[in-house]
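Asks: show me how the following folds:
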Amino acid sequence: QMQLQESGPGLVKPSQTLFLTCEVSGGSMTTGYYYWGWYRQPPGKGLEWIGHISFSGYTYYKPSLKHRTSISRDTSKNQFTLQLTSVTPEDTAVYYCARSVGVVQTTLGPTRGPGMQVTVSS
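Replies: The predicted structure is shown next:
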């Protein structure tokens, strides 16, 4: 059974860059035609889609975050990463990685990480 696990710093200072990694186990990222996405849920708010990287390496980003976001993958390590620049306290959220069929923006599928808290604070 495929499993995903987010990792990275739990605390980031304002103006810094957030790097998160999603490690995929129990199967290869390159098998099938899946998309690999990042989402977040700020405290007291709903789920927010950040972006996806496709099976072919094409990236899709939420327009309002596109100028600060980069998603990449390392298929040799079976992982993909999120880079979010110039963070502010408004970027504080629980961050999730997930697998989907297509660019799913509104819900997390069953194949997803447990989520990790990221706090932006000085």
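
Asks: beta-bridge partners for the residue nearest to I53 when sequence neighbours are not counted, please?
Replies: Nearest non-adjacent residue to I53, counting by CB to CB, 6 or more residues apart in numbering: I71, 4.7 Å away. (C-beta placed from N, C-alpha, C; glycine too.) Listed by DSSP bridges, the beta-bridge partners for I71 are L82.

Asks: run a quick neighbour tally on I71.
Replies: By other CB atoms under 10 Å, 23 other residues sit near I71.

Asks: what do you get for S54?
Replies: 16.

Asks: show me where the chain has strands.
Replies: Using DSSP state E, the strands of the chain run over 3-7, 11-12, 18-25, 35-41, 48-53, 59-61, 69-74, 79-84, 93-100, 116-120.

Asks: sorry, back to before: my guess is the residue nearest to I53 meets F80, correct?
Replies: Yes - assessed by CB atoms under 8 Å, I71 is found in contact with F80 at 6.5 Å.

Asks: with that, I have no additional questions.
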